[in-house]
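Trainee: A predicted structure for the sequence below; I have some questions about it.
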Amino acid sequence: MRRAPNNFPLTDEQIRQLGALTGEPNTSDIPEVSDEAWKTAVRGPFFRPVKEPVSLRLDMDILHWLKSKGPGYQTEINSILRRQMEAERK
């Protein structure tokens, strides 16, 4: 038995049925959401992005500066990189 990405077990038969599906899904019963509604949308309170462990080489002065801010310097690195990424996407 394999597990789907959301960790629910799938039987081999269910996997076969999913593989046999063709065409586009019928979304006619899903109401349209206006652009205005998306302006106030927020992520669900239980959303947690997937983290990937990496090895990273930093200049010593940058590392000392990050650590001087207190615990959570790795989270701070992630926040800095996320702000930069989002700024470049705009």
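Mentor: Done, it's in.
Trainee: which residues of the protein score low on pLDDT?
Mentor: Within the chain, the ranges that satisfy pLDDT under 70 run 1-7.
Trainee: Swap in 50 and give it another go.
Mentor: For the chain, no stretch has pLDDT under 50.
Trainee: for the residue lying farthest from the centre of it, phi and psi?
Mentor: Within the chain, the residue lying farthest from the chain centre (Cα atoms, centre = their mean) is Asp61, at 30.4 Å. With angles defined as degrees, to the nearest 10, Asp61 sits at phi -70, psi -30.
Trainee: Renumber starting at 59 from here on
Mentor: Right, with 59 as the first residue, what we last looked at is Asp119.
Trainee: Tell me how far it lies from Leu139.
Mentor: 18 Å (Cβ to Cβ, to the nearest Å). Using the backbone N, CA and C atoms, a C-beta is placed for each residue, glycine as well.
Trainee: do the same with Lys125
Mentor: For Lys125, the distance to Leu139 (Cβ to Cβ) stands at 17 Å.
Trainee: sec struct for Arg101, please.
Mentor: Put simply, Arg101 is coil when judged by DSSP: H, G, I helix; E, B strand; the rest coil.
Trainee: need the contact list for it.
Mentor: Under the criterion of Cβ atoms under 8 Å, 6 or more residues apart in numbering, Arg101 has no contact partners.
Trainee: let's see 10 Å
Mentor: Residues counted as contacts of Arg101 (Cβ atoms under 10 Å, 6 or more residues apart in numbering) are Pro107.
Trainee: where along this structure do the strands fall?
Mentor: Using DSSP state E, the strands of the chain run over 60-61, 67-68.
Trainee: roughly how far apart are the residue farthest from the centre of the chain and Lys97?
Mentor: 40 Å.
Trainee: Repeat that for Glu110.
Mentor: 30 Å.
Trainee: Same question for Gln142.
Mentor: Distance from Gln142 to Lys97, by Cβ to Cβ: 23 Å.
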